[in-house]
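[1] Based on what follows, work out the 3D shape:
(one chain, ligands or ions: 2)
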Amino acid sequence: MSVGDDGESTNVSVAVTGATGEMGRAVLDAAGAREDVSVAFAVNRDAPRDPAESVAGVRVEPAREFDRLLADRSPDVVVDFTGPASSQNYVAVAAEAGVASVVGTTGFDDEGEAALRELAEYAPVLKASNFGRGVQALVSAVESAVADLPGYDVEVTETHHNRKRDAPSGTAKTILEAIEGARDGGTADGQRVHGREGEAPREAGEIGVHARRAGTITGEHEVLLAGNHEEVRLTHRAEDRGVFAEGALDAAVWLAGREPGWYDFADVVDGAESNDAEATNDTGGDDR
Ligand SMILES: NC(=O)C1=CN([C@@H]2O[C@H](COP(=O)(O)OP(=O)(O)OC[C@H]3O[C@@H](n4cnc5c(N)ncnc54)[C@H](OP(=O)(O)O)[C@@H]3O)[C@@H](O)[C@H]2O)C=CC1
Ligand SMILES: O=C(O)C1=N[C@H](C(=O)O)C[C@H](O)C1
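    Residues are numbered from 1 along each chain as shown. Ligands and ions are numbered 1, 2, ... in the order given. Modelled structure (predicted):
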């Protein structure tokens, strides 16, 4: 991390994994347009066959070179949008070298999530299921609506492009946890009903969860609350992956130089200017 003459402006160097994936490309595009970020290197599992091929002007190296590049180029933060297994590997190598990680990858199982949290004891790890600032606002609005409307039926619907692997989305899981936390005394996730089929009517307290996959839709999340002959619908719609990429780079800039620990995007959005966020190593949360 370099600090400018004014002592204020900083430049954070990032290593980008999954560089030829949708999000890797978006991150490299966004980084190229920012003055507070530079790219130390970029890797992909299957690097382009032509070594001259680049993404946003950055040469993409094979993932097997990740350890060496990390040592040689000393990035401040690794920005990872890949898959759960590779993400865990990248964060492990980074943490061992004392390098921070921003993780956007979703779809971790409990074991994978716990492993990441353990790695946060060695280096800062900031993980978020959605780096859109609007989703932070959506989650707050959902918590408030659920608390204000006890007894209303709640259904969560997420819609994504047809290439998405994990369902429900990481964001939907974050929203579900917010709903459960906002209900009186909290509710067990056994009340989640995924899809709906058969004869039985809806039971009180159920939270319906619906995942749709179609075309090239970037990402939509809707929470429907219905009762008392009225409906409330809270929706977030991402129009472009650049939204997630900018949020992830904001997170990288915020994370550089922090103490080891577990952080989330709410820390960045709530206290972007402050340096006093407390890292946690708790095992709670479902931010996958
Ligand atoms: N938190 C957020 O705001 C957001 C999170 N996401 C999440 O980010 C992740 C990536 O999404 P997206 O970019 O659309 O997906 P893509 O499939 O377009 O890209 C995934 C990238 O990760 C690489 N990759 C996948 N598995 C492995 C592996 N086992 N080892 C090494 N590299 C691997 C792929 O390499 P290869 O080309 O060789 O297959 C590819 O470069 C998903 O989990 C998605 O849910 C997405 C958008 C926003
Ligand atoms: O895979 C995606 O595309 C997205 N994944 C994230 C999720 O699982 O919530 C975030 C965003 O909705 C796009």
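
[2] quick one: furthest residue from the center of this protein?
    Relative to the centre of the chain, and counting by Cα atoms, centre = their mean, the farthest-placed residue is E199 at 36.8 Å.

[3] isn't there a helix covering that one?
    No - going by DSSP: H, G, I helix; E, B strand; the rest coil, the assignment for E199 is coil, not a helix.

[4] Check it and give its pLDDT.
    For E199, the model assigns a pLDDT of 94.

[5] Over to P51?
    The model's pLDDT for P51 equals 67.

[6] Which residues does R237 form beta bridges with?
    E220 (DSSP bridges).

[7] Verify the stated contact: it with H160.
    No - look at R237 against H160 with Cβ atoms under 8 Å: they stay out of range, at 11.3 Å. Using the backbone N, CA and C atoms, a C-beta is placed for each residue, glycine as well.

[8] Which parts of this structure are helices?
    22-32, 66-73, 84-96, 110-119, 133-148, 170-182, 242-255, 265-270 (DSSP state H).

[9] who in the stretch 101-250 of the chain is up against ligand 1?
    104-107, 128-131, 166, 170, 244 (Cβ under 6 Å from any ligand atom).

[10] wouldn't G257 be in contact with D76 here?
    Yes - G257 is within contact range of D76, at 7.4 Å (criterion: Cβ under 8 Å).

[11] how about the helices of the chain, which one is nearest T10?
    helix 242-255 (7.0 Å; Cβ to Cβ).

[12] From D250, how far off is L69?
    L69 sits 24 Å away from D250, going by Cβ to Cβ, to the nearest Å.

[13] try Q136
    From Q136 to D250 the distance is 12 Å (Cβ to Cβ).

[14] List the contacts of the residue of the chain found nearest ligand 1.
    Using Cβ to the nearest ligand atom, G21 is the residue of the chain that sits closest to ligand 1, at 2.1 Å. By Cβ atoms under 8 Å, 6 or more residues apart in numbering, G21 lies in contact with 44, 81-82.

[15] Buried ones among those residues?
    Listed as buried from the contacts of G21 are 44, 81-82; burial here means 16 or more other Cβ atoms under 10 Å.

[16] possible to save those residues as TSV with distance to L116?
    Converted to TSV, those look like this (distance: Cβ to Cβ, whole Å):
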residue	distance to L116
N44	21
F81	14
T82	13
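
[17] Keep those residues, but drop any that are not near ligand 1.
    44, 81-82.

[18] Between those residues, which sits nearest G98?
    Scanning these for proximity to G98, where the rule is Cβ to Cβ, the winner is T82, at 21.1 Å.

[19] Now the closest one: closest residue in space that isn't a chain neighbour?
    G18 (3.9 Å; Cβ to Cβ, 6 or more residues apart in numbering).

[20] Now that that neighbour has come up, it's in contact with A26, right?
    No - look at G18 against A26 with Cβ under 8 Å: they stay out of range, at 10.5 Å.

[21] More neighbours: these two, which one.
    G18 (26 against 21; other Cβ atoms under 10 Å).

[22] and the gap between the more buried one and ligand 2?
    Between G18 and ligand 2 the distance is 12 Å, computed by Cβ to the nearest ligand atom, to the nearest Å.
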